[in-house]
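**Q** Provided below for reference: sequence and predicted model.
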Amino acid sequence: MPQLNIVQAINDALKTEMRRDPTVIVMGEDVGVNGGVFRATENLYQEFGPDRSIDTPLSEAGIVGTAIGMALNGLKPVAEIQFDGFMPPAFDQIVSHAARIRWRSRGRFHVPLVIRAPYGGGIRAPELHSESPEAYYAHTPGLKVVIPSNPYDAKGLLIAAIRDPDPVIYLEPKRLYRAFRAEVPEEDYVVPIGKARIAREGSDVTLIAWGAMMPVALNAAESMIAQNVSVEVIDLRTIVPLDVETVIESVKKTGRVVIVHEAPKTCGFGSELAALVNDKAFEYLQAPVVRVTSPDAVIPQGRMEDYYLPDVGRCITGIEKVLSY
Amino acid sequence: MPQMTLVQAINDALKTEMRRDPTVIVMGEDVGVNGGVFRATEGLYQEFGPDRAIDTPLAESGIVGTAIGMALNGLKPVAEIQFDGFMPPAFDQIVSHAARIRWRSRGRFHVPIVIRVPYGGGIRALEHHSEAPEAYYVHTPGLKVVIPSNPYDAKGLLIAAIRDPDPVIFFEPKRLYRAFRQEVPEGDYTVPLGKASIVREGSDVTVISWGAMVRVCLHAIESLENVSVELIDLRTLKPLDLETVLNSVAKTGRAVIVQEAPRTCSLSSELTALINERLLLQLQAPVVRVTGYDVHMPYLTMEQYYLPDAGRVKKGIERVLSF
């Protein structure tokens, strides 16, 4: 089985679906002739031509708006927004239109659209290239939000997202694009949307993460072995719809929860998880839910991000906090 | 003291600040000659002229972008976005620019703008006219978010927002614009940003709300017998007056949060998380959230099935009492 990194797995998912289904197209800034700034769409232009691998102007609202129209008329567009920080110009098209058309038309129309965006910090980029905007889309009814953390899931979740009949925001942790390789089957397969994965079983603490925080969480769990602490690590994979059952089952077992995310804390997705644990597992809690997140400030530029993003040390501090309560 | 509705109090706040400070201007769709779709800017064009009461094209992104430029160059613009549902076209200007310029310039520049928006449901409007988008802006670093629930606070908070050196999103609960009158002082006064108000003291349950839901909560509380409910009106959602919230919940041990917005990843989630973080051992029951549903706000009369009402608030209170 080939060993692929995440960006290769994404490229493989796009190729696989474009070969299988002639209505699937990709579009975005530099996705065609150039092959994408991160090479996610490499060679799609060569194999599928300019009608299915479309270079657009630098206009995110135009990209998403055009993709909505294509989706309503029988295509399955996979639109790329080149960086997370370029999503706000498309915000109106995403939340006021893509997310609402099924509802607005009482189910007569739907929008099978995937919006792919490289997402999160860790690559020491300039402003507007390191954002974690998942909470905006999780709060918006009518959208699904998917965030893979490894090559196998990246391919299977992207194929599932393309086949989904409704709009999916597909955020790709860019710092993991080339961080490691894993076995990825050549054929087509799906990882179902809405199912979390228990990345590591444990019994003392539940550590919940997604995207680029997964390797950080797993390293923190690993280093707790020395202290004889068994940490269960959950990779949400999809934040909307959320796999509440997997989260709550784990919390009932451990009684202690730490949530890790890159986004600012206030009204981040960690707040919803903490609230759900309060709703559904209140009497099982041995300690208050701890959120290890970025501070409520804009992500800083260059290497200053090291002081902003959660790291293994901060995860361990969080784990120790729920253990010592 | 004059009795004013909430929309009159807003108009009065704008007039008061525009008379006091020549750098304050209003701008937006129909705010000038017409006086605003809800009459919030009535008489400003006549008194202050077209340079200070500016009719803009129908381009929300342009309104906020222009206001940012004005603010950076010495004016204090109060920009109106005509309805909550018209904010997404301005989202990029708000979150990628207004909210970041102090940070981006390491404090050399700041953006003293207020973005006023009629907000929320309850007037049986069409799509994009009944949204409760506060969570987007509370999640965004660099913004303040304010929502008054009565005429007195509306005037004092708006004056405070205009004098604030940084961008403030000022949501006005449109169903309360003409719902009732209250004494509003004529002179200038401020209600400080970041301070909640205890609308009603109580000892058994804390109900936390803001905007139009405060009145709904009051109705619910008045119909309950033998339960002493403390009602908190947050007034400012960011910065949050956590101290007032926590002191109350520490006293009552039970909390119900009431909001119009969809539940998932909203301010009610954050409040629940904060109360759990700080007061887990004092809680007698899980925090209950009474919210809109995770679907879009329906049109016209259907909205009554969507928005929390006194009955749903009462059920929430009964739930935390019977746990």
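**A** Alright, I've got the coordinates. Numbers count the residues shown, from 1 in each chain, chains lettered A, B, ... in the order given.
**Q** buried residues in stretch B:25-38?
**A** Buried positions in stretch B:25-38, judged by neighbour count with 16 or more other CB atoms under 10 Å in any protein chain shown: B:25-32, B:35-38. Placement of C-beta: from N, CA and C, glycine included.
**Q** then that stretch to CSV, C-alphas only?
**A** Provided in CSV are the C-alpha atoms of stretch B:25-38 (Å, rounded to 0.1, in the frame of the first residue of the first chain):
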residue,chain,number,x,y,z
ILE,B,25,-20.7,61.1,12.2
VAL,B,26,-23.3,58.5,11.2
MET,B,27,-23.3,56.6,7.9
GLY,B,28,-25.3,53.8,6.4
GLU,B,29,-28.2,52.9,4.1
ASP,B,30,-31.0,55.4,4.4
VAL,B,31,-29.7,56.9,7.5
GLY,B,32,-29.5,60.5,6.2
VAL,B,33,-32.4,62.1,4.2
ASN,B,34,-34.8,59.3,5.1
GLY,B,35,-33.8,59.1,8.8
GLY,B,36,-33.3,55.3,9.0
VAL,B,37,-35.7,52.4,8.3
PHE,B,38,-36.4,52.3,12.1
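**Q** got the contact list for that stretch?
**A** With contact meaning CB atoms under 8 Å, 6 or more residues apart in numbering or on different chains, stretch B:25-38 is reached by B:7, B:14, B:18, B:40-45, B:48, B:50-58, B:63, B:66-67, B:70, B:75-82, B:116, B:118, B:174, B:177.
**Q** A:P112 and A:A160 touch, don't they?
**A** No. The pair A:P112 / A:A160 is not scored as a contact, 12.0 Å apart, by CB atoms under 8 Å.
**Q** so those two - more neighbours on which side?
**A** Using other CB atoms under 10 Å in any protein chain shown, the more surrounded residue of A:P112 and A:A160 is A:A160, with 24 against 21.
**Q** closest to chain A among the buried residues of stretch B:25-38?
**A** Comparing these against chain A with CB to the nearest CB places B:E29 closest, at 15.7 Å.
**Q** what's the first helix or strand after the helix or strand containing A:I208?
**A** If you go by DSSP states H and E, A:I208 is part of strand A:205-209. Using DSSP H and E, the next helix or strand after strand A:205-209 towards the C-terminus is helix A:213-223.
**Q** show me what the helix ranked longest in chain A is packed against.
**A** The single longest helix within chain A, with elements called by DSSP state H, is helix A:6-20. Packing contacts for helix A:6-20, counted by 3 or more CB pairs under 8 Å, 6 or more residues apart in numbering or on different chains; DSSP states H and E, involve strand A:24-28, helix A:44-48, helix A:151-163, strand A:168-173.
**Q** contacting residues for residue 186?
**A** Let's take chain A. Contacts for A:E186 were tallied using CB under 8 Å, 6+ apart; they are A:1-2, A:12.
**Q** ah, no, chain B please
**A** B:E186 touches B:1-2, B:12, counting by CB under 8 Å, 6+ apart.
**Q** same thing but at 6 Å, please
**A** By CB atoms under 6 Å, 6 or more residues apart in numbering or on different chains, no residues touch B:E186.
**Q** one more: B:A212?
**A** Taking CB under 6 Å, 6+ apart, one finds B:120, B:122, B:173, B:175-176 in contact with B:A212.
**Q** ok, A:V298 next?
**A** Contacts for A:V298 (CB under 6 Å, 6+ apart) come out as B:100, B:103, B:141.
**Q** can we see that at 10 Å?
**A** A:127-128, A:130-131, A:264, A:308, B:95-96, B:99-100, B:102-104, B:140-142 (CB atoms under 10 Å, 6 or more residues apart in numbering or on different chains).
**Q** with A:T16 instead?
**A** A:T16 sits next to A:24, A:155, A:158-159, A:162, A:185-189 when contact means CB under 10 Å, 6+ apart.
**Q** number of nearby residues for A:G121?
**A** 23.
**Q** shouldn't it be within a helix?
**A** No. Going by DSSP: H, G, I helix; E, B strand; the rest coil, the assignment for A:G121 is coil, not a helix.
**Q** that one against A:D311, yeah?
**A** No. At 11.2 Å, A:G121 and A:D311 do not qualify as touching, with contact defined as CB atoms under 10 Å.
**Q** show me where chain A has strands.
**A** Ranges of strands in chain A, per DSSP state E, are A:3-4, A:24-28, A:53-55, A:76-80, A:114-119, A:144-146, A:168-173, A:182-183, A:197-200, A:205-209, A:231-235, A:238-240, A:257-264, A:290-294.
**Q** burial check on A:Y308, number of neighbours?
**A** Neighbours of A:Y308 using other CB under 10 Å come to 17.
**Q** correct me if wrong: it contacts A:G120.
**A** No. Counting by CB under 10 Å, A:Y308 sits too far from A:G120 to count as a contact (11.4 Å).
**Q** how about the contacts made by the closest residue to A:M213 other than its chain neighbours?
**A** Nearest residue to A:M213, sequence neighbours excluded (CB to CB, 6 or more residues apart in numbering or on different chains): A:V260, at 4.7 Å. Neighbour list for A:V260: A:207-211, A:213-214, A:216-217, A:220, A:233, A:270, A:290-293, A:310-311, A:314-315, A:318 [criterion: CB under 10 Å, 6+ apart].
**Q** and the pLDDT at B:M1?
**A** pLDDT, B:M1: 89.
**Q** nearest residue to it other than its sequence neighbours?
**A** In space, B:M1 is closest to B:E183, 4.3 Å off (CB to CB, 6+ apart).
**Q** for that neighbour, give its distance to B:E222.
**A** According to CB to CB, to the nearest Å, B:E183 and B:E222 sit 21 Å apart.
**Q** same check on A:D311?
**A** In terms of CB to CB, A:D311 sits 51 Å off from B:E222.
**Q** buried stuff in stretch A:33-43?
**A** Of all the residues in stretch A:33-43, those buried under the rule 16+ other CB under 10 Å are A:35-38, A:40-42.
**Q** for it, list the C-alpha coordinates in CSV.
**A** What follows is stretch A:33-43, C-alpha atoms only, in CSV (Å, rounded to 0.1, in the frame of the first residue of the first chain):
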residue,chain,number,x,y,z
VAL,A,33,-2.0,25.2,-14.3
ASN,A,34,0.1,25.8,-11.2
GLY,A,35,-1.2,22.8,-9.3
GLY,A,36,-2.0,24.6,-6.1
VAL,A,37,0.3,26.5,-3.7
PHE,A,38,0.6,23.4,-1.5
ARG,A,39,0.4,21.0,-4.6
ALA,A,40,-3.0,19.6,-3.5
THR,A,41,-4.3,19.8,-7.0
GLU,A,42,-1.1,18.8,-8.8
ASN,A,43,-1.7,17.3,-12.3
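**Q** residue contacts, the residue nearest in space to the middle of chain A?
**A** When CA atoms, centre = their mean is applied to chain A, the residue found nearest the centroid is A:I147 (1.7 Å). Applying CB under 10 Å, 6+ apart to A:I147 gives the contacts A:119-120, A:132, A:134, A:153-154, A:157, A:169-173, A:209-214, A:235-239, A:261, A:269.
**Q** how about B:Y306, what does it touch?
**A** Taking CB under 10 Å, 6+ apart as the test, what B:Y306 contacts is B:121, B:130, B:260, B:262, B:292-293, B:295-298.
**Q** selecting buried members of those residues in ChimeraX, what would you type?
**A** Per 16+ other CB under 10 Å, the buried members of these correspond to this ChimeraX selection:
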select /B:121,130,260,262,292,296,297,298
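**Q** if we check chain A, which of the contacts of B:Y306 are in contact?
**A** B:262, B:292-293, B:295-298 (CB under 10 Å from any CB of the partner chain).
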